[in-house]
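Asker: Structural data only, the sequence is not supplied:
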Ligand SMILES: NC(=O)c1ccc[n+]([C@@H]2O[C@H](COP(=O)([O-])OP(=O)(O)OC[C@H]3O[C@@H](n4cnc5c(N)ncnc54)[C@H](OP(=O)(O)O)[C@@H]3O)[C@@H](O)[C@H]2O)c1
């Protein structure tokens, strides 16, 4: 599907940056993140051949910056919104990290909902007028499928986003909007270092490029994607196991990793 203009949150690294590279040069890019130096480098690189690339530095943990982003987008011809920005924190749920967890709820939950609310009605209206389609990709996570001890707030934010996104997809199934709930498993990005995972990423996982490519290939075909066969089997296993048994196993595994 060829989109005219895409907004990517968290475009400065990892999966968001991979989306920016994966979209065809005919798609204008509207990129945001906190790292303004990185945004400037991406604008120079991706706009070198004349493609329009607009950037805005914004901290999505701040409601004022969420509003600033929405205001910046007024009148922008966005027809693909990629709600990708997000971060996690490994450790006990009641650790002294209350401010960090509140910020996580802003970035992982409030910001994607606020952006979809602000942009999607106009995107759908323009798609109807032009006979085209528009798209929304919400980057949730495989761990949004179950509670995850020692990653409690992060998993809960992704459960919210996945649930909200899946419900929205059904509500809008007769509209010209394609919604995709994207649930990557372990992906090789800076995520695990930022989340202070003891020992780094738990497994080799996928590349960010593979995740972005799989998402773009799935958008418009299916509303929900867990990336990778093993991850799909893990989600199924978690669903089939008695909940308390699964939770105790997950807690033991995560606690071991937290202590290392
Ligand atoms: N890596 C994985 O294994 C994995 C698995 C499942 C889901 N995910 C999800 O995939 C998405 C992308 O993560 P990633 O793996 O690509 O990690 P990453 O390389 O750390 O990228 C995270 C992106 O989010 C942005 N971001 C973080 N906090 C922000 C804030 N307060 N305001 C604005 N932007 C913020 C960062 O931009 P700045 O640094 O410029 O602010 C960065 O561009 C996240 O939603 C993550 O939860 C990742």
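Answerer: That came through, no problem. Here the structure is a predicted model, which is why all the values come from computation and not from measurement. Numbering: from 1, shown residues only.
Asker: what about the helices in the stretch 151-260 of the chain?
Answerer: Here the stretch 151-260 of the chain has its helices, by DSSP state H, counting those that start in this stretch, at 152-171, 191-194, 208-218, 229-240, 243-259.
Asker: The ligand contacts on the stretch 151-260 of the chain?
Answerer: For the stretch 151-260 of the chain, the residues in contact with the ligand (C-beta under 6 Å from any ligand atom) are 184, 186-187, 189-191, 194, 205, 208. C-beta: built from backbone N, CA, C; applies to glycine.
Asker: Low-confidence bits of this protein, can you list those?
Answerer: Low-confidence segments of the chain, defined by pLDDT under 70: 1, 259-260.
Asker: What is the burial count for residue 17?
Answerer: Neighbour count of residue 17, defined by other C-beta atoms under 10 Å: 23.
Asker: what sits against it?
Answerer: Residue 17 makes contact with 11, 42, 208, according to C-beta atoms under 8 Å, 6 or more residues apart in numbering.
Asker: now do 6 Å
Answerer: residue 11 (C-beta atoms under 6 Å, 6 or more residues apart in numbering).
Asker: Check residue 93 too.
Answerer: Contacts for residue 93 were tallied using C-beta under 6 Å, 6+ apart; they are residue 152.
Asker: Can you check my assumption that it lies in a helix?
Answerer: No. The assignment for residue 93, made by DSSP: H, G, I helix; E, B strand; the rest coil, is coil rather than a helix.
Asker: Not counting stretch 196-204 itself, show me its contacts.
Answerer: 90, 186, 192, 257-258, 260.
Asker: returning to what we had before: I'd like the residues of the stretch 151-260 of the chain next to the ligand as TSV, with neighbour count appended.
Answerer: Listed next are these as TSV, based on neighbours: other C-beta atoms under 10 Å:
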residue	neighbour count
184	27
186	20
187	24
189	22
190	12
191	22
194	13
205	21
208	23
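Asker: Name the nearest residue to the residue in the stretch 51-200 of the chain that the ligand sits nearest to, sequence neighbours excluded.
Answerer: Closest contact between the stretch 51-200 of the chain and the ligand, by C-beta to the nearest ligand atom, is at residue 86 (2.3 Å). Ranked by C-beta to C-beta, 6 or more residues apart in numbering and with sequence neighbours excluded, the top spatial neighbour of residue 86 is residue 108, at 4.6 Å.
Asker: Three-state assignment for that neighbour, please.
Answerer: Of the three states, residue 108 takes helix under three-state DSSP.
Asker: returning to what we had before: return the closest of the contacts of stretch 196-204 with respect to residue 54.
Answerer: The nearest member of these to residue 54, counting by C-beta to C-beta, is residue 192 at 30.2 Å.
Asker: ok, back up a step: surely the residue nearest to residue 86 is in contact with residue 85?
Answerer: No. With contact defined as C-beta atoms under 6 Å, residue 108 does not count as touching residue 85 (8.0 Å).
Asker: So which of the helices of the stretch 151-260 of the chain is nearest residue 58?
Answerer: Residue 58 lies closest to helix 191-194 among the helices of the stretch 151-260 of the chain, at 17.6 Å (C-beta to C-beta).
Asker: Which residues does the closest one contact?
Answerer: Here helix 191-194 makes contact (C-beta under 6 Å, 6+ apart) with 87, 200-201.
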